[in-house]
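> Pasting the sequence and the predicted model now:
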Amino acid sequence: MSAEPRLAAVAEPEPAPQAAPGTDQAVKETLEDYTLRFAPRSYRRWTPMVVATTALGGIAYMADFSIGAGIGLAHGTGNALLAIGVAAAVIFVTGFPLAYYGARYNIDLDLITRGSGFGYFGSVLTSVIFASFTFIFFALEGSIMAQGLKLGLGLPLWLGYLVSTLMVIPLVIYGMTALSKLQVWTTPVWLLLMVGPLVYLVVTDPGTVDRFLAYAGTDGDGGIDTASVLLGAGVCLSLIAQIGEQIDYLRFMPPKTEANKRSWWAAVVMAGPGWVVLGALKQAIGVFLAVYIIAEVGASAAPEPIQQFKGAFDAMMPSWLVVPLAVVLVVISQIKINVTNAYSGSLAWTNSFTRVTRRYPGRMVFVLVNLGFALALMEADMFSFLNSILGFYSNCAIAWVVTVATDIGINKYVLKLSPHAPEFRRGMLYAVNPVGVVAFVAASGLSIAMYFHGLGDTLQPYSPVAAAVIAFVLTPLMAVLTKGRYYLRRTDDGIPEPLLDEDGNPSAVAYACHVCRQQFERPDVAACPAHDAVVCSLCLSTDKVGDHVLPGTV
């Protein structure tokens with residue numbers, strides 16, 4: 001085992017050893033969406049703008065309108081707009097390095113997290129956090145759709161919850177190919193239905209703008225209050241994990257070259273951290289429509305997007321069109337985001353389960369698991385305590401995203417203690433890297449204690465600030481204290497071909513995995529210590545004995 005295996009490019013496999021049970025099924029299934037692995041250049045056929053449009057289609061959710069309305073109703077328009085702006089700035093800054101790494105190296109956020117401070121098994125923690133994000137927001141969108149189905153078709157809420165859950169299953173079975181078509185074709189209709197009513201109200205009744213700006217909220221006097229701004233920002237920051245869903249699409253970006261660099265960067269910024277610009281705008285529209293609904297109908301219906309748009313449509317078109325159009329808007333929005341929630345959630349659960357058990361059960365299993373959690377939340381009427389759920393969850397999400405973003409921005413580029421190129425393969429990483437794990441656990445633990453008044457009522461609104469600051473400080477501090485020694489278990493994967501090409505993109509040189517006998521590109525394979533051959537990352541993940549895993553080096 002002491003001899004380092006070295007392999008030539010396009011290696012021919014030896015006779016394949018006995019594969020782990022389920023490996024063939026796993027390989028076939030992951031070749032559509034590249035669960036658990038690098039997305040190869042041969043699969044990435046889309047232009048930067050198609051990828052960006054697909055990624056942005058996933059943020060068509062209606063939750064922003066509810067979130068904005070809830071903050072505005074509680075704290076007033078001034079505090080709500082400041083809270084939305086503060087959260088958007090944090091999300092943009094932290095999302096930029098993550099989006100760049102996902103698009104540049106064609107890996108999802110879990111694979112980025114493994115090599116950015118957490119380790120091979122350490123990032124299971126954050127995979128569960130991300131999976132939780134997907135089913136929480138699936139439940140929120142499903143609740144909104146059920147409200148629309150109740151208004152338009154008279155379905156009881158419990159049945160609407162079930163319908164909104166089951167209808168996405170046929171769509172999410174397929175990977176990026178089907179999702180890209182769905183998002184591109186539905187986006188223009190969605191934009192028209194969302195923006196049209198707002199423009200009409202502002203143009204025809206300027207008084208709506210004055211009422212909107214003057215609204216004081218139920219908990220305030222209309223003045224700016226730091227605690228109110230931070231409480232509102234904490235709710236908005238629950239969306240910080242949305243960058244993970246954006247990266248699930250951005251990983252399919254084509255290679256960045258001199259010829260396409262402008263469109264490549266435009267797509268990465270727009271569909272990566274830029275999603276929050278549209279998200280913040282929707283939250284502000286949610287406040288506007290809520291204030292409008294209060295004046296026209298009453299406060300009880302104001303947080304519900306279906307009621308917000310019903311009221312707006314009612315002002316601009318015949319009554320017979322109002323409810324159908326409002327329902328169409330809600331249904332399109334729910335489908336666009338919840339196929340993404342179900343898809344991304346299934347990837348996160350599959351990632352975690354496969355690493356822990358070394359068995360690939362099939363992504364469809366975890367589509368159903370994710371939908372089951374979401375349905376349970378809907379039936380428990382999560383919509384009635386929405387802000388409490390999001391405020392709590394945001395502490396975990398902030399700690400995770402800030403930790404990874406800081407590792408990329410500070411530890412890789414400034415301190416140079418973290419390897420510049422991301423690593424995700426089993427055998428190349430330590431099981432746990434204390435840099436990210438300690439920073440994440442400390443930041444999320446302390447901020448959650450603050451959120452539940454564990455450190456007093458005065459500090460409670462500052463829990464999201466604490467999560468961000470602690471993660472930002474501890475991540476480089478832990479890297480310095482450990483001298484970066486727990487990032488890589490070994491620096492040589494036994495393959496002489498460079499990992500990156502002359503443009504800095506992942507190499508497209510193909511190798512044959514001698515376990516599953518499929519062709520994979522250079523970043524997705526490592527040398528096998530027992531054979532003169534290579535093994536792909538998925539077969540490494542499902543290797544129960546560890547025969548194919550490279551030994552560590554001192």
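Looks like it came in fine. Residues are numbered from 1 along each chain as shown.
> And for residue 132, the neighbour number?
Residue neighbour count, defined by other Cβ atoms under 10 Å, stands at 18 for residue 132. Where C-beta positions appear, they are placed from N, C-alpha and C, glycine not excepted.
> residues contacting it?
Contacts of residue 132 were listed using Cβ atoms under 8 Å, 6 or more residues apart in numbering, and they are 393, 396.
> So for the helix or strand harbouring it, mean pLDDT?
With secondary structure defined by DSSP states H and E, residue 132 is part of helix 124-153. This predicted structure assigns helix 124-153 an average pLDDT of 85.
> What's the first helix or strand after it?
Tracing the chain past helix 124-153, the next element assigned as helix or strand by DSSP H and E is helix 157-166.
> Now that following helix: average pLDDT?
The average pLDDT within helix 157-166 is 88.
> Please spell out which residues along that helix are buried.
Burial within helix 157-166, assessed by neighbour count using 16 or more other Cβ atoms under 10 Å, is assigned to 157, 160-162, 164-165.
> what's the angle from it to helix 124-153?
With axes from the mean of the first three to the mean of the last three Cα atoms, to 10 degrees applied, the angle from helix 157-166 to helix 124-153 works out at 120 degrees.
> to the chain's geometric centre, what's the distance from helix 157-166?
Taking Cα atoms, centre = their mean, to the nearest Å, one finds helix 157-166 lying 24 Å from the centre of the chain it belongs to.
> CA atoms only for it, dumped as PDB, please.
The C-alpha coordinates for helix 157-166 follow below in PDB (Å, rounded to 0.1, in the frame of the first residue of the first chain):
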ATOM      1  CA  LEU A 157     -57.200  22.700   2.700                       C
ATOM      2  CA  TRP A 158     -56.200  19.200   3.600                       C
ATOM      3  CA  LEU A 159     -57.000  17.900   0.100                       C
ATOM      4  CA  GLY A 160     -55.300  20.900  -1.400                       C
ATOM      5  CA  TYR A 161     -52.200  20.100   0.500                       C
ATOM      6  CA  LEU A 162     -52.300  16.500  -0.800                       C
ATOM      7  CA  VAL A 163     -52.900  17.700  -4.400                       C
ATOM      8  CA  SER A 164     -50.000  20.200  -4.300                       C
ATOM      9  CA  THR A 165     -47.700  17.500  -3.000                       C
ATOM     10  CA  LEU A 166     -48.600  14.700  -5.500                       C
END
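> what's it in contact with?
Looking at helix 157-166 with Cβ under 8 Å, 6+ apart, the contacting residues turn out to be 138, 141-143, 145-150, 155, 334, 338, 371, 374-375, 378-379.
> of the buried residues of helix 157-166, closest to residue 239?
Using Cβ to Cβ, residue 164 is the member of the buried residues of helix 157-166 that sits closest to residue 239, with 20.1 Å.
> Can you list the low-confidence ranges for the chain?
The model of the chain has pLDDT under 70 over residues 1-36, 57-58, 171-187, 219-222, 297-301, 383, 386-387, 554.
> now do 50
1-23, 29-31, 175-176, 554 (pLDDT under 50).
> Contacts only, for residue 410.
Residue 410 neighbours (Cβ under 8 Å, 6+ apart): 475-476.
> please redo it, this time with the cut-off set to 10 Å
97, 416-418, 472, 475-476, 479 (Cβ atoms under 10 Å, 6 or more residues apart in numbering).
> re earlier: among the buried residues of helix 157-166, which two are most distant?
Checking the buried residues of helix 157-166 against each other with Cβ to Cβ, the farthest-apart pair comes out as 157 and 165, at 12.6 Å.
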